[in-house]
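K.L.:
Fold the stuff below for me.
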Amino acid sequence: MARICVVREFYFPLDGRVRREVLALAGAGHRVDVICMRRAGEARRERDRNVTILRLPVRRRRGGLGQQLYEYVAFALLAALVVTGRSLRRPYDLVQVNTSPDWLVLSAAVAKLRGTPVLVDLEECMPEFFATRFGTGVKHPGVRVMALIERVAVQLADAAFTCTEQMREAFLSRGAPPAKIGVVLNSADETAFDPSRYRRQTREPGRFTLISHGTIEERYGLDTAIRAVAGLRDEIPGLRLRIYGEGSDRERLVALVADLELVNHVDFSDGFVPLDELVAAIAAADAGLVATKRDPFRDLVHCEKMYDFIAMRLPVICSRTRSVLAYFPEECFAYFDSDDDVDLARAIRELHNEPQLAERLVDRAAAVIEPLRWPRVRQRYLELVASLIGR
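P.N.:
The predicted structure follows:
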C-alpha cells in the first residue's frame with residue numbers, strides 16, 4: 001500500500017481530527033508518518049504498527065503574537081526539513097498537511113516538485129481567525145496577507161477539504177476553485193466514544209454535572225459557563241461543572257472560580273488526560289457544554305467536542321452559531337445565546353428540571369448525525385486519498 005506523510009502543528013494523538021484520519025489511513029493498509037509537535041515527556045519518535053510518529057521540539061506556550069508566530073515559523077521550518085529529508089531518501093506517495101497555519105503547506109514543497117501529490121486539510125479559515133483573534137477589520141493588512149497565503153496554499157495543493165460547508169463557502173468567496181475543495185466534517189471516533197462501554201448511571205438526586213473538554217481559550221466561553229453556574233448555585237446546589245484540558249485561559253478561569261467562591265461547583269483536570277479517562281468522565285456527566293463565543297470565525301466552524309457528546313448520547317447545551325444551526329436545528333440541542341450567562345443558566349435549568357427533554361434532544365441529535373457519522377465520512381475521505389495516490 002501507499003506511504004503517506006501527515007503534517008500537523010499540534011500534538012498527536014491528542015488532535016482528534018488528525019487521529020481519526022491517521023487511523024483511517026492505517027486501517028486501509030497505508031504506512032503513515034505523522035510529523036507533529038512534542039509535549040513535555042513525550043518520545044521524539046514512536047511507532048505503532050504501520051504508524052510512525054515523529055515529534056519535533058516545538059510546543060505550545062502561553063504568549064502573545066510574537067510567541068505564536070515563533071511557533072508557526074519554527075514548526076514549519078523543521079517540518080519542511082523532515083519531510084524533505086525523508087522524501088529524498090524514499091519518495092512519499094502522498095503528503096497531507098493539516099493547517100493552520102496555511103503556510104505549513106510549504107513544508108511539502110520539495111516533495112511536490114518531485115511529483116508527490118499534496119492534500120490539504122484546511123482546519124481553520126485564517127483570515128477570519130486573524131480578524132477575530134486580534135480585533136481587526138476585514139480590510140486590515142494582516143487579514144489580506146492571510147487571505148493571500150490561503151490562496152497560495154490552495155493553489156499548491158492537488159486537492160483540499162475543510163470542516164464545514166460554511167468554511168468551504170468562505171474559501172470559494174476568496175477565489176478557491178469549487179472542484180478543488182470538499183468537506184470532511186468533524187466526527188467522533190466511535191471506537192473510543194462508545195456509550196455501550198459504560199453503564200448509564202441514574203442521576204443522583206440533587207446532582208447535575210456538566211462537562212466541557214478541549215483547549216482552554218477565551219473564545220470557548222468557559223467564563224460564561226462559570227458565571228452561569230454562579231447564578232444557579234442556590235437554585236441547583238448540586239450543580240457541577242467539570243473542565244478537562246489545558247490552554248492559555250486556564251489561569252484566568254481558575255481565578256474567576258475563586259473570586260466567585262465556586263470551588264465546590266467547578267473543577268479543572270490537571271491538563272489533558274488520557275482518552276479513556278475523558279470518555280469515562282463524559283459518560284458520568286448529565287450534559288455536555290459547548291459555550292463558544294460567536295464571532296465571524298466561530299460562525300464558520302464546529303467544535304469537535306459537540307460530536308463527542310452526541311456519540312456518547314449526552315444532551316448538548318450549545319451556544320448558537322451559524323454553522324452549528326445550519327447542521328443541527330433547534331430541537332437537537334439546548335441552545336442559548338452566545339456569551340450570555342443568564343440565557344445559559346436558563347438552558348441548564350430547563351434541562352435539569354425536565355429529564356424527558358434530555359431524552360428528546362439526544363434522540364433528535366442522533367437522527368440528524370446519522371448520515372454524518374465518521375464511518376460514512378471516513379469512506380469519503382479514503383476515496384479522496386485513493387484518487388490522489390492513483391494519479
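
K.L.:
Run a quick neighbour tally on Asn264.
P.N.:
The burial metric for Asn264, expressed as a neighbour count using other C-beta atoms under 10 Å, is 10. All C-beta atoms are positioned from the backbone trio N, CA, C, and that covers glycine.

K.L.:
what sits against the nearest residue to Arg90 once chain neighbours are set aside?
P.N.:
Take Arg90 and drop its neighbours on the chain: the residue closest to it by C-beta to C-beta, 6 or more residues apart in numbering is Arg3, 7.2 Å away. Taking C-beta atoms under 8 Å, 6 or more residues apart in numbering as the criterion, Arg3 is in contact with 30-31, 33, 90-93.

K.L.:
Can I get these in CSV including distance to Arg360?
P.N.:
Formatted as CSV, the contacts of Arg3 follow (distance: C-beta to C-beta, whole Å):
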residue, distance to Arg360
His30, 42
Arg31, 46
Asp33, 46
Arg90, 55
Pro91, 54
Tyr92, 48
Asp93, 47
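
K.L.:
Kindly reformat those as CSV containing distance to Arg59 and pLDDT.
P.N.:
Formatted as CSV, the entries for the contacts of Arg3 read as follows, by distance: C-beta to C-beta, whole Å; pLDDT from 0 to 100:
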residue, distance to Arg59, pLDDT
His30, 28, 96
Arg31, 26, 97
Asp33, 20, 97
Arg90, 28, 93
Pro91, 30, 94
Tyr92, 25, 96
Asp93, 30, 96
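
K.L.:
Quick one, which of these are buried?
P.N.:
Restricting the contacts of Arg3 to buried positions leaves 30-31, 33, 92-93, with burial counted as 16 or more other C-beta atoms under 10 Å.

K.L.:
ok, these vs Pro371, which is closest?
P.N.:
Minimum distance to Pro371 across the buried ones among the contacts of Arg3 is 25.8 Å, recorded for His30 (C-beta to C-beta).

K.L.:
Surely the closest one and Met1 touch.
P.N.:
Yes - assessed by C-beta atoms under 8 Å, His30 is found in contact with Met1 at 4.8 Å.

K.L.:
how about low-confidence regions in the stretch 101-250 of the chain?
P.N.:
Low-confidence segments of the stretch 101-250 of the chain, defined by pLDDT under 70, are located at 200-204.

K.L.:
Do a quick rundown of the strands in it.
P.N.:
Here the stretch 101-250 of the chain has its strands, by DSSP state E, counting those that start in this stretch, at 118-122, 159-162, 181-183, 207-213, 238-244.

K.L.:
Distance from the chain centre to the fourth one, please.
P.N.:
Between the mean C-alpha point of strand 207-213 and the mean C-alpha point of its chain there is a distance of 19 Å (C-alpha atoms, centre = their mean, to the nearest Å).

K.L.:
Could you dump the strands of the stretch 101-250 of the chain into a markdown table and include mean neighbour count and distance to Ala80?
P.N.:
Putting the strands of the stretch 101-250 of the chain into a markdown table (neighbours: other C-beta atoms under 10 Å; distance: least, C-beta to C-beta, whole Å) gives the following:
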| stretch | mean neighbour count | distance to Ala80 |
| --- | --- | --- |
| strand 118-122 | 24 | 13 |
| strand 159-162 | 23 | 19 |
| strand 181-183 | 16 | 24 |
| strand 207-213 | 21 | 32 |
| strand 238-244 | 20 | 34 |
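
K.L.:
Dump these into JSON lines; add distance to Ser338 as well.
P.N.:
Written out in JSON lines, the entries for the strands of the stretch 101-250 of the chain read as follows (distance: least, C-beta to C-beta, whole Å):
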{"stretch": "strand 118-122", "distance to Ser338": "24"}
{"stretch": "strand 159-162", "distance to Ser338": "22"}
{"stretch": "strand 181-183", "distance to Ser338": "24"}
{"stretch": "strand 207-213", "distance to Ser338": "15"}
{"stretch": "strand 238-244", "distance to Ser338": "18"}
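
K.L.:
For Ala366, which of those strands is the nearest?
P.N.:
Judged by C-beta to C-beta, the one of the strands of the stretch 101-250 of the chain that comes nearest to Ala366 is strand 207-213, at 18.5 Å.

K.L.:
and the closest one, which strands flank it?
P.N.:
Note on strand 207-213: by DSSP bridges, its sheet partners are strand 238-244 (parallel), strand 287-290 (parallel).

K.L.:
between these, which one is nearest to Tyr198?
P.N.:
Judging the strands paired with strand 207-213 by C-beta to C-beta, what sits closest to Tyr198 is strand 287-290, at 14.2 Å.

K.L.:
Give me the mean pLDDT for the closest one.
P.N.:
Mean pLDDT, taken over the full extent of strand 287-290, equals 97.
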